[in-house]
Structures are given as C-alpha cells and as structure tokens.
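*Asks:* Kindly generate the corresponding structure for this input.
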Amino acid sequence: MSDALSRLFSIEGKAAIVTGGSRGIGRMIATGFVEAGARVYISSRSAEACDEVATELSKIGTCVAVPAHLGTMEGAEHLASTVADREPALHILVNNAGAIWEEPIDEYSDAAFDKLWDINVRAVFRLTKLLLPQLRAAATPADPARIVNVGSIDALRPPLFETYAYSASKAGEHMLSQHLALRLATDHITVNVIAPGPFDSRMTRSTLGTEEGRRELLSHVPLARAGTPDEAAGVAIFLASPAAAFITGAIIPLDGGMAVKPG
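*Replies:* As a prediction, the model looks like this:
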C-alpha cells in the first residue's frame with residue numbers, strides 16, 4: 001500500500017473511546033482501532049470484562065479500561081472525566097453500548113422501554129454532550145472530530161423478532177445522530193451511524209447460537225452469512241479516517257443486504 005493510501009485511512013495516534021468495548025461489535029471496533037494505532041479507551045458495566053479486554057489489547061497497542069454504567073449520569077460523568085483528564089482532545093467517540101429486549105407484545109413491559117431508551121438513546125446524547133469540549137479541541141476543518149454511533153438494521157426495516165423497544169430506540173438513535181450531525185457541523189464534528197445486521201455476539205446468541213436460529217436469521221440476509229470482526233472494524237475505521245472527513249449524517253447498513261431484501 002502506498003504512503004498516500006495509508007494516510008487516507010489512518011487513525012494512528014488518535015484518541016478514541018469505544019463504549020460497550022468489552023464484547024460484541026464494540027470489542028471488534030476497539031480491536032481494529034488498537035491495531036490501527038489509536039489510543040483506545042473502552043467502557044462497559046463489567047469492570048472484570050473491561051479490564052480483561054484492555055489487558056489483552058494492550059499487548060498490541062494502547063487500550064485503557066474505564067468501567068462505567070452509561071445508563072446513569074454518574075457513569076457517563078465518570079467515563080467523560082476520566083478520559084478528559086488523560087486526553088484534552090478526543091478525536092473519535094464510538095457510542096456502541098446498548099441493550100436489547102425481546103418479549104411477546106402481550107407481556108412487553110414499560111420497564112423494557114425505560115431501560116432501552118436510557119441506554120440506547122439517552123446515554124448517547126448524554127455522553128456526547130459531556131465530551132463536546134474534548135471533541136471540539138480535536139476538531140479542525142480539514143480533520144473533523146468523529147462521532148460514530150452504532151445503531152441497528154432493525155431501525156431501518158421491521159424487525160424479525162418482537163424487539164419493540166430495541167427497534168424503536170435504535171430508530172431514535174438514528175434520528176438523534178442526524179440531528180447532532182446538523183448541529184455539530186459548525187464545530188467540525190461529524191456524526192455518522194453504522195447500522196449492523198447479524199454479527200456473532202452475546203446480543204445475538206439466542207438466535208445465531210443455535211443451528212435453527214442461525215439458519216432462520218441468515219435466510220433473510222442476501223449475502224447468506226453473518227458479519228465478521230474485520231468488517232465491523234473496517235467501517236468504523238473508515239468513518240474515523242481522513243477518507244470520511246466529508247461524510248456526516250450518514251446511516252450505513254452493515255447487514256449483508258438485509259435493508260434491501262423485499263419481504
């Protein structure tokens with residue numbers, strides 16, 4: 001690869017936060033960022049899981065664990081202040097932490113909507129707002145600071161399963177992201193969304209973890225497979241790199257074609 005092409009997709013030396021970075025797509029993205037030379041701060045509710053992943057990734061680069069419950073103001077303030085103490089300028093914020101809830105409609109509770117709204121929407125806005133001083137400090141017209149929000153393909157088409165609060169909250173996250181993209185453009189901060197389809201993770205274990213469930217779910221994917229860690233990391237790295245400096249407000253399906261499949 002030429003030096004010019006390497007620079008085009010480089011995030012080397014950038015400071016990044018990946019929430020929900022101890023497992024699933026968050027871990028995939030955090031791993032890709034560390035391998036690409038970024039200084040990465042990962043957060044999750046489980047201090048043990050967070051520390052374990054940070055220790056592993058620190059063997060190949062810089063990764064720091066900052067455990068926090070982002071469904072609370074206290075957790076968000078802890079993450080924001082801890083990173084701000086170490087990084088006066090934050091180049092990349094990946095809001096990936098999220099939750100899912102599946103239940104028949106007759107049993108679906110208000111508690112599910114409250115929990116998922118807090119984590120999937122409110123926490124994204126709260127953490128973004130808390131980190132604006134650091135994002136603004138990193139931002140320039142030629143090289144904006146980047147916010148990458150991890151939404152869902154379920155926000156772009158009716159979900160396959162009874163995940164009412166999940167799909168509704170992810171649709172809210174998508175619109176929030178576009179609202180932020182518009183408002184933060186003058187600060188030279190871009191805001192884009194990755195909308196994943198099926199990836200092997202703890203969140204999809206109930207379906208992809210069984211032969212029958214995997215066959216059923218992947219039958220709705222034109223490319224007939226689940227996504228890979230490199231594919232999740234690759235889109236996030238692209239959005240954080242100079243190659244995507246002129247992209248904001250985009251919602252990128254990472255779904256093997258589910259968004260365009262009829263029926």
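*Asks:* Phi first, then psi, for residue 251.
*Replies:* phi -120, psi 110 (degrees, to the nearest 10).
*Asks:* what does the model give residue 263 for pLDDT?
*Replies:* pLDDT, residue 263: 65.
*Asks:* ok, now residue 190?
*Replies:* 98.
*Asks:* low-scoring stretches of the stretch 101-250 of the chain, by residue?
*Replies:* Counting by pLDDT under 70, the stretch 101-250 of the chain has low-confidence residues at 209.
*Asks:* could you say what helices and strands the longest strand seen in the chain packs with?
*Replies:* Ranked by residue count under DSSP state E, the longest strand found in the chain is strand 189-196. Applying 3 or more C-beta pairs under 8 Å, 6 or more residues apart in numbering; DSSP states H and E, one finds that strand 189-196 contacts helix 132-138, strand 145-150, helix 164-184, helix 229-240, strand 251-254. For every residue, glycine as well, the C-beta is placed using N, CA and C.
*Asks:* For residue 45, find the nearest of these.
*Replies:* Nearest to residue 45 among these is strand 145-150; the distance by C-beta to C-beta comes to 16.4 Å.
*Asks:* so what strands line up beside the closest one?
*Replies:* Strands that pair with strand 145-150, judged by DSSP bridges, come out as strand 92-95 (parallel), strand 189-196 (parallel).
*Asks:* Name the nearest residue to residue 32, sequence neighbours excluded.
*Replies:* residue 233 (2.5 Å; C-beta to C-beta, 6 or more residues apart in numbering).
*Asks:* swap in residue 45?
*Replies:* The nearest residue in space to residue 45 (C-beta to C-beta, 6+ apart) is residue 69, at 5.0 Å.
*Asks:* For that neighbour, give its distance to residue 125.
*Replies:* Distance, residue 69 to residue 125, by C-beta to C-beta, to the nearest Å: 16 Å.
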